[in-house]
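Next one to model:
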Amino acid sequence: MDGPLFTLQKGDHVLAMPCLEVVAFAYGAPQGGEGFARFLRSFSEAFGHHLRFYRTGDMKRFRAFDAQAFEGPHHWFSDPRLLASKMLGFRAHAGEAARNVVPPAVQMALLGVFKPPCFVVRMMLPVEWASEPDQVIALVRNALEEFPLSSGYCGYSFVWDEADPGVEREVCRWAAPLLLRYPGLGYGDAITMSNAAERGVAAVAWLTLLGAEAAAALGGPAALQRSAPADVSLLPLGKSGVLLRAGTAPQLGDVNRQDLLPACHAVGRLVAPVLAPDEAFEDLAIKGMSDEDAHDWLRRFFA
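Numbering: from 1, shown residues only. Next up, the predicted model:
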């Protein structure tokens, strides 16, 4: 990946950087917090020594990362009633300044007040990890071993400070043409994507993550394996879920060169029966894109 092409910077301020994102969605009242704790612990074990700043949902700004940073989230995870009734958030990143949000980074949006409760977790790994795909897969499988997964995905994306509306507007205007040209890039706003993921699979990427319910609806791992083409492989994931791998490693593709990532299209066909309905996508706004472009981009692997 050409890092400068996919980095937005003003002077010393990095507004957006490329990353390899891992996104997972869960819905409904949680039976416990162990899956959320394991997700955060897996990230911390791999990247905790890089973290410099953190922020919870009730903080006005990022604070210097310290040994107490994870105390709030681990308190939440110890009480399922709290998870099911509050709106909680946690972010941490490795930037040299609080406003320079760079990978490795993590985000957890625990929206227990929603109906149904909605939980979105996201790791943003350094893009260099794309050259170690088996290591990425091992991290994903470990992090989601106990997570109450509905669906999710892993592929190239961007990381920025979503809490700053001005930065977000500028980043999205800059990123939209890149998303339209390079189909392997994901939209870095997982909260937006969660609105469609509540009703089915909302995105396909290098790794497409299916929870137990979606996997069962597709006939289970054996049926998926029989239907999968040679460039799509399967691995078990967590509690009876499935990980679909489109090719050996993540790819950007390039519409201008007719590289449309056929392996991702193959995964899109495999998961079509559990795809979110069309009206769920109609409700999504991809900032920086026209409605027509957003319509086509969201469905780029499902046509």
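
Run a quick neighbour tally on residue 33.
Summarising burial for residue 33: neighbours were counted as other C-beta atoms under 10 Å, giving 20. All C-beta atoms are positioned from the backbone trio N, CA, C, and that covers glycine.

start at 571 instead
From this message on, residue numbering opens at 571, which makes the last subject residue 603.

Please give me every residue in contact with the nearest residue to it once chain neighbours are set aside.
In space, not counting the residues next to it along the chain, residue 603 is nearest to residue 647; the distance is 3.1 Å by C-beta to C-beta, 6 or more residues apart in numbering. For residue 647, the contacting residues are 603, 604, 606, 607, 610, 653, taking C-beta atoms under 8 Å, 6 or more residues apart in numbering as the criterion.

What segments of the stretch 671-820 of the chain are helices?
When assigned using DSSP state H, counting those that start in this stretch, the helices of the stretch 671-820 of the chain occupy the ranges 703-713, 735-751, 760-767, 782-787, 790-797.

rewinding a little: next, give phi and psi for the residue nearest to residue 603.
According to degrees, to the nearest 10, the main-chain angles of residue 647 amount to phi -70, psi -20.

Please identify the most buried of the helices of the stretch 671-820 of the chain.
Relative to the other members of those, helix 760-767 carries the highest mean neighbour count by mean count of other C-beta atoms under 10 Å, namely a mean of 21.

That one - contacts with which helices or strands?
strand 583-597, strand 675-681, strand 688-695, helix 848-852 (3 or more C-beta pairs under 8 Å, 6 or more residues apart in numbering; DSSP states H and E).

please redo it, this time with the cut-off set to 6 Å
In this structure, helix 760-767 makes packing contacts with strand 583-597, strand 688-695, judged by 3 or more C-beta pairs under 6 Å, 6 or more residues apart in numbering; DSSP states H and E.

Could you give the average pLDDT over stretch 677-697?
On average, the pLDDT along stretch 677-697 is 97.

Format the CA atom coordinates belonging to that stretch as CSV.
Included here for stretch 677-697 are C-alpha records, laid out as CSV according to Å, rounded to 0.1, in the frame of the first residue of the first chain:
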residue,chain,number,x,y,z
GLN,A,677,-12.9,1.6,19.6
MET,A,678,-15.8,0.1,21.5
ALA,A,679,-19.3,1.5,21.2
LEU,A,680,-21.6,-0.3,23.7
LEU,A,681,-25.1,1.0,23.0
GLY,A,682,-27.2,-0.9,25.5
VAL,A,683,-30.0,1.8,25.3
PHE,A,684,-30.7,1.0,21.7
LYS,A,685,-33.6,-1.3,20.7
PRO,A,686,-32.2,-3.8,20.3
PRO,A,687,-29.0,-3.2,22.2
CYS,A,688,-26.1,-2.7,19.8
PHE,A,689,-22.5,-3.3,20.4
VAL,A,690,-19.7,-2.4,17.9
VAL,A,691,-16.1,-3.1,18.5
ARG,A,692,-13.2,-2.2,16.2
MET,A,693,-9.5,-2.7,16.1
MET,A,694,-7.4,-0.6,13.8
LEU,A,695,-4.1,-2.4,13.1
PRO,A,696,-1.0,-0.9,11.4
VAL,A,697,-1.2,-1.6,7.6
